[in-house]
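# 3D model of this:
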Amino acid sequence: MKCLILAAGYATRLYPLTENFPKPLLTVGKKTILDWLIDDIDASGLVDEYVVISNHKFAHHFDVWASGKTQKITVVDDGTSTNETRLGAVRDIQFAIETLGLDDDMLVIAGDNVLDFSLTKFIAYAREKNSSCIMRYYEPDEKKLLKCGVVTVDENGKILNMTEKSPTPATHWCTPPFYYYTRGDARRVPDGIAAGCGVDAPGSYIAWLCKQTPVHAMEMPGKRYDIGNLESYEKVQKEYQGIC
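Numbers count the residues shown, from 1 in each chain. Take a look at the predicted model:
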């Protein structure tokens with residue numbers, strides 16, 4: 001299994017911290033955000049390569065970081081240098097798959113979130129379901145729902161419908177940026193793009209895919225810290241106590 005890490009954003013809301021430095025390499029406690037994620041996932045023993053998808057501006061920072069890791073880490077430079085010219089998450093996924101010739105099951109994650117639970121639980125869930133999967137959590141704030149992917153699921157967790165940033169969210173089930181693609185569904189990313197799925201938000205591909213084949217949504221078993229601005233970064237620095 002491969003793990004694709006989305007790290008090609010420019011994190012403009014975190015300036016000046018991220019004006020010349022990538023958000024996933026900011027430290028939380030004694031580790032970078034990426035180290036928290038990869039060290040946890042590696043405990044599953046199922047991932048044989050981590051692929052960090054970067055923009056051109058920050059790729060060298062990831063190269064330096066990867067050189068000190070024991071896991072097999074490949075940094076892919078998507079060639080963009082500004083927020084205005086970014087490819088978007090779904091096109092970045094396609095770019096990495098095609099550039100490296102990847103053909104495997106894939107864990108696809110945002111590289112700028114900190115979790116207090118192990119992603120190995122999500123991997124186990126996906127392997128049990130034998131389908132592509134996402135996670136979901138209950139979001140009571142209706143204003144926040146407008147900025148999220150939102151899913152409707154049946155009693156077995158199968159996705160009935162998914163929307164990204166809908167003005168009229170159907171449920172309070174919000175989707176964080178953590179995905180599991182089966183090998184077959186990873187091959188269909190170009191089909192989703194050709195069919196007109198959105199390319200900016202990574203969940204847009206799942207919103208298309210769940211209409212083509214069964215996709216399941218696991219209820220998130222803990223808390224996610226989304227580091228979107230300086231205030232949230234300061235908050236996670238004070239509150240985060242590691243993975244339970």
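
# give the contact list for Met106.
Contact analysis of Met106 by C-beta atoms under 8 Å, 6 or more residues apart in numbering lists 1-4, 180-181, 183, 186. (C-beta placed from N, C-alpha, C; glycine too.)

# Show the contacting residues for the residue of the chain most remote from its centre.
Distance from the centre of the chain peaks at Glu155, with 25.1 Å (C-alpha atoms, centre = their mean). Not one residue lies near Glu155 by C-beta under 8 Å, 6+ apart.

# now the contacts of Met106: which count as buried?
Buried residues within the contacts of Met106, defined by neighbour count using 16 or more other C-beta atoms under 10 Å: 1-4, 180-181, 186.

# For the residue farthest from the centre of the chain, grab phi and psi.
Main-chain torsions, Glu155, degrees, to the nearest 10: phi -70, psi -20.

# What's the per-residue pLDDT of it here?
Looking at Glu155, its pLDDT stands at 94.

# chain center to the biggest helix by length in the chain: distance?
Longest helix in the chain, counting residues (DSSP state H): helix 89-100. Centroid displacement of helix 89-100 relative to its chain, using C-alpha atoms, centre = their mean, to the nearest Å, is 13 Å.

# Render the CA-only coordinates of the helix or strand following that helix in CSV, please.
Next along the chain after helix 89-100, taking DSSP states H and E as the criterion, comes strand 106-110. Once non-C-alpha atoms are left out, strand 106-110 reads as follows in CSV (Å, rounded to 0.1, in the frame of the first residue of the first chain):
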residue,chain,number,x,y,z
MET,A,106,-3.7,4.0,-1.4
LEU,A,107,-4.1,5.9,1.8
VAL,A,108,-4.5,9.6,0.8
ILE,A,109,-4.2,12.2,3.6
ALA,A,110,-3.8,15.9,4.1
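
# Strand 106-110 vs helix 89-100, what angle?
130 degrees (axes from the mean of the first three to the mean of the last three C-alpha atoms, to 10 degrees).

# How about residues contacting the strand or helix carrying Met162?
For Met162, the enclosing helix or strand under DSSP H and E is strand 159-164. For strand 159-164, the external contacting residues (C-beta under 8 Å, 6+ apart) are 134, 148-154, 169-170, 175, 198, 201, 203-204, 206-207, 210, 214-217.

# Only alpha carbons, please: show that strand as PDB.
The C-alpha trace of strand 159-164 is given here as PDB (Å, rounded to 0.1, in the frame of the first residue of the first chain):
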ATOM      1  CA  ILE A 159     -22.200   6.600   1.500                       C
ATOM      2  CA  LEU A 160     -25.500   7.400  -0.200                       C
ATOM      3  CA  ASN A 161     -24.500  10.900  -1.200                       C
ATOM      4  CA  MET A 162     -21.700  13.300  -0.700                       C
ATOM      5  CA  THR A 163     -21.300  17.000  -1.400                       C
ATOM      6  CA  GLU A 164     -18.500  19.500  -1.100                       C
END
